[in-house]
Structure formats: C-alpha cells, structure tokens
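Asker: The amino acid sequence is not available; the structure is as follows:
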Ligand SMILES: Nc1ncnc2c1ncn2[C@@H]1O[C@H](COP(=O)(O)OP(=O)(O)O)[C@@H](O)[C@H]1O
Ligand SMILES: N[C@@H](CCC(=O)OP(=O)(O)O)C(=O)O
C-alpha cells in the first residue's frame, strides 16, 4: 500500500458494526481488523475510534430496541463494550496485531494533566505498534454531568483525538457513502458531494440526524468533526463502512466518499 499519511484515525459507527436485525456484523469487524493491521504493518500509525458498545450490548441481551433511560443505555454499553473488545481482540490477533482499550470523555482533553496522560499513553502504544481502540466512556459521559461531556457522540470524539495526536487524516466509516446535498434517505434526488474545501460551505441545514436504527449522531456530528479537522489544517474522509477495506483506497489517495480539506501536494 502506498500512502503519504503517517498517522491516521479511523472511526466506525454502530450502523456499520450491527445489522439492521440487531446482530453483530462479524464480516465488518474481521475486515476492519485485517485492514488496520495491514495499514499498521505498512508503517502508518493507526488509531481506531469505535462505537458499538450499546449495539453489541443490545445484541448480547437479545434486545431489539434501545432503552430510553440513560442508566439502562449505560448498563448496556458496559455489557457491550467488553464483548466488543473481545470480538476485536480475537480478530486482530488473527492478523498478529495487539490492541489496547481507552475509554475517554471529551473533558479529558480540557485538563492539562489528564490530556497529557492520554497523549502519552497513545504515543507509547503507537511506538509499540499496538493499535489504540477508543470509545467514549459511556457509563460516565452524560449531559447530566456538570462538565463538558456528552453522551453518544464518537464523531466529534474522533476529531478531537485526531487533532490532539496530530493525525494527518481522520477516516469516518459510516452507513452512508459520503455527504450528500440533502439527506439521501429522505430525498431520492440527493447528490454526493465529493470534495469540501471550505468549512464555511458546511451548512448544517442540509445535514439531518440519523435514519439508521442504531446510529446516533447523523450527519450533523460528522460535519462538526469535519470542521474541527479542517480548522486544524487536516483532512477528513467520510465513506461507507460496509466494507472497511475501502480504507486502503482512501489511504492510496483514491477519490472515495467525501473528502473534507485541501489535498496536500505529497498526498496526491
Ligand atoms: N446531507 C446528508 N448526507 C448524508 N447523510 C445524511 C445527510 N443528512 C442526514 N443524513 C443521515 O445521516 C446518516 C449517517 O449517520 P448515522 O446514522 O449516525 O451513522 P453512523 O452510525 O455510521 O455514525 C445517514 O444514513 C443519513 O440518513
Ligand atoms: N459510545 C456509544 C456510541 C456513540 C456514537 O457516536 O454512536 P455512532 O453514531 O454509531 O457513531 C456506543 O459505543 O454505543
């Protein structure tokens, strides 16, 4: 694989990991493990931000609907997170890759000491060629806490991580293959936007919430993530998570999904 990207953050959403029938998509997890291991072996540092704790929790409790109560969702996340990591550990080890779990809240980066600890941990793992696997710490991250944490938004968490560790690129794998000029699940005439270079062009008005059964943020949180990356002078690519091997094409510089940000000369 030929890539000029030396450090990449890949974020995968619940709807790519869980089938609409509520079962875990093992093929996606396997292909993600293969792809990220291949990227790591090629010399590019990789961090995975994964959703799916609640989705896997629902599957393992054989529940079909997400409960409304925050505490019930947090309990499911606690059940699902360890199962999710078990699935990842198994698959990644098939490709000779060690992974490590970090559960974070947004406010960790607000405090210099906690921020430094997290950055040091990630840096040490990357030097050891271990792939950090990050999710929001769902059992503590709720709107009800006094500080700036939110429940259930890994799109912005992935951008925060990517900017803090100075990754060159953030790749967001979603149930949609890119940004459209309007929600394609509501408007048949919606058209894919291949490139966005101007953050001011990212009007949230055209971006709707999620239409998938298990996704949470929809396009609004993805656009906020894209803005954060562009503001930091970095790129974000939004593309389909149906087959995570697409990441190899993104890193090879092929036009896939929607690219947010300027193309750097050396990544062409
Ligand atoms: N302008 C838009 N372009 C693309 N998708 C949009 C847009 N507005 C709303 N959406 C919705 O956002 C969804 C993706 O968000 P979400 O369901 O949270 O996915 P994920 O679980 O992958 O994070 C799409 O399936 C689509 O229905
Ligand atoms: N942290 C939560 C999901 C948060 C989230 O942002 O979900 P998604 O919109 O599917 O990326 C979980 O693991 O279930």
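Answerer: Sure thing, it's come through. Computed from a predicted model, the values in this text were never measured in an experiment. Numbers count the residues shown, from 1 in each chain. Ligands and ions are numbered 1, 2, ... in the order given.

Asker: Centre of the chain to whatever helix or strand residue 158 lives in, how far?
Answerer: Using DSSP states H and E, residue 158 maps to helix 154-164. Relative to its chain's centre, helix 154-164 lies at 8 Å (Cα atoms, centre = their mean, to the nearest Å).

Asker: contact partners of it?
Answerer: For helix 154-164, contacts defined as Cβ atoms under 8 Å, 6 or more residues apart in numbering pick out 9, 11, 13, 47, 49-51, 104, 106, 109, 115, 118-119, 122, 134-136, 150, 167, 169-170, 172, 217, 221-222, 224-226, 228-229, 232, 234, 236. All C-beta atoms are positioned from the backbone trio N, CA, C, and that covers glycine.

Asker: List the neighbouring strands of the following helix or strand past that helix plus their orientation.
Answerer: Going down the chain from helix 154-164, the next helix or strand is strand 169-174, by DSSP H and E. Strand 169-174 has the following strand partners under DSSP bridges: strand 7-12 (parallel), strand 235-240 (parallel).

Asker: would you turn the ones you listed into CSV with mean neighbour count?
Answerer: Formatted as CSV, the strands paired with strand 169-174 follow (neighbours: other Cβ atoms under 10 Å):
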stretch, mean neighbour count
strand 7-12, 25
strand 235-240, 24
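
Asker: Let me have the ones you listed in JSON lines, adding distance to residue 195 as columns.
Answerer: Listed next are the strands paired with strand 169-174 as JSON lines, based on distance: least, Cβ to Cβ, whole Å:
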{"stretch": "strand 7-12", "distance to residue 195": "19"}
{"stretch": "strand 235-240", "distance to residue 195": "10"}
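
Asker: for the ones you listed, which one sits closest to residue 71?
Answerer: strand 7-12 (25.7 Å; Cβ to Cβ).

Asker: what does the closest one contact?
Answerer: Against strand 7-12 from outside (Cβ under 8 Å, 6+ apart): 28, 32, 36, 39, 44-52, 126, 154-155, 158, 161-162, 165-173, 225, 241, 244, 247, 251.

Asker: Need the buried ones from these selected in ChimeraX.
Answerer: To isolate the buried ones among the contacts of strand 7-12 in ChimeraX, judged by 16 or more other Cβ atoms under 10 Å, type:
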select :28,32,36,39,44,45,46,47,48,49,50,51,52,126,154,155,158,161,162,165,167,168,169,170,171,172,173,225,241,244,247,251
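
Asker: if we can go back for a sec, please flag which of the contacts of helix 154-164 sit within strands.
Answerer: 9, 11, 47, 49-50, 104, 134-136, 169-170, 172, 236 (DSSP state E).

Asker: which residue ranges form the helices in the stretch 151-268 of the chain?
Answerer: 154-164, 218-231, 246-251 (DSSP state H, counting those that start in this stretch).
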